[in-house]
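Chemist: any chance you could fold what I've pasted below:
(chains A and B)
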Amino acid sequence: AQSVTQLDSQVPVFEEAPVELRCNYSSSVSVYLFWYVQYPNQGLQLLLKYLSGSTLVKGINGFEAEFNKSQTSFHLRKPSVHISDTAEYFCAVLGAGTYKYIFGTGTRLKVLA
Amino acid sequence: DAGVIQSPRHEVTEMGQEVTLRCKPISGHDYLFWYRQTMMRGLELLIYFNNNVPIDDSGMPEDRFSAKMPNASFSTLKIQPSEPRDSAVYFCASSETTTDTQYFGPGTRLTVL
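Modeler: Numbering: from 1, shown residues only, chains lettered A, B, ... in the order given. Model (predicted):
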């Protein structure tokens, strides 16, 4: 079975500052990893995903994440955030050979002016 | 493509009433997922279909919940009878494969009084 932990429920950060949202997972099989963003009153949208290959994955809106197998992490980063990045961010894991996404509890990013 | 379409966007009903939520996936997507999102439990997978066939319904909370997919372009999630604890946002998502991006609908906000 797989599980996902997002350690921070809320992250306040000032505009133009860097941000890192943390995600750790556990799995007995190899995994695929995803970050989704949810803006208020909307569904989730994919930011980026890791399936295989390079461990540094670049996504939309300037976000990137690095897959670290030894630390079982997939942290999301952005070097300079904007007010429009204010949203909830979900990390998700999919075990190879399985069909069920496991979502983390989400991290609410609030960008302050 | 218009994306994943869900209806209604908002539903307010009284305890004991039947509720039917509807979803139209993106054309060509073979997988359809129903999720429930609450503050307490986060995002939970209820059931998913592959080529209109239910594959895993282990997330369906109890017998009051049922889901169908009579054809490739339509799915329903029914709650009968509804209870106040069913109040949540219900999302439908579709994807081409299990490792591909899941595209989420805007959700149905259900309130059971």
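Chemist: in contact with residue 92, which residues are there?
Modeler: Going with chain A. Residues counted as contacts of A:A92 (CB atoms under 8 Å, 6 or more residues apart in numbering or on different chains) are A:V4, A:L33, A:F34, A:W35, A:Y36, A:Y101, A:I102, A:F103, A:G104. Yep, even glycine has a C-beta here, placed from its N, CA and C like the rest.
Chemist: please go with chain B instead
Modeler: By CB under 8 Å, 6+ apart, the neighbours of B:C92 are B:4, B:6, B:21, B:23, B:25, B:32-35, B:75, B:77, B:104-105.
Chemist: can you name the helix or strand that it falls in?
Modeler: strand B:88-95 (DSSP states H and E).
Chemist: may I have the predicted confidence score for B:A2?
Modeler: Reading off the confidence values, B:A2 has pLDDT 79.
Chemist: count the neighbours of B:V89 for me.
Modeler: 17 (other CB atoms under 10 Å in any protein chain shown).
Chemist: what's opposite it in the beta bridge?
Modeler: B:Q37, B:R109 (DSSP bridges).
Chemist: what are the phi and psi angles of A:I60?
Modeler: Here the main-chain torsion angles of A:I60 (degrees, to the nearest 10) amount to phi -80, psi 160.
Chemist: and the gap between it and B:T101?
Modeler: Using CB to CB, to the nearest Å, A:I60 is found at 11 Å from B:T101.
Chemist: same question, B:I55
Modeler: As for B:I55, its distance to B:T101 is 19 Å (criterion: CB to CB).
Chemist: more neighbours: which of these two?
Modeler: When neighbours are counted by other CB under 10 Å, B:T101 comes out ahead of the other of B:I55 and B:T101, with 16 against 13.
Chemist: these two touch, right, the more buried one and B:S95?
Modeler: Yes. Between B:T101 and B:S95 there is a contact under CB atoms under 8 Å: 6.2 Å.
Chemist: give me the residue from chain B nearest chain A.
Modeler: B:F104 (3.2 Å; CB to the nearest CB).
Chemist: just the pLDDT at the closest residue in space to that residue that isn't next to it in sequence, thanks.
Modeler: Using CB to CB, 6 or more residues apart in numbering or on different chains and skipping residues adjacent in sequence, the residue nearest B:F104 is A:G43, 3.2 Å away. Residue-level confidence at A:G43 comes out at 88, pLDDT.
Chemist: can you show me the strands along chain A?
Modeler: With DSSP state E as the criterion, chain A has strands at A:3-5, A:10-14, A:19-21, A:24-26, A:31-38, A:44-50, A:56-58, A:64-68, A:73-78, A:87-95, A:102-103, A:107-112.
Chemist: out of those, the one nearest B:V12 is which?
Modeler: strand A:31-38 (22.4 Å; CB to CB).
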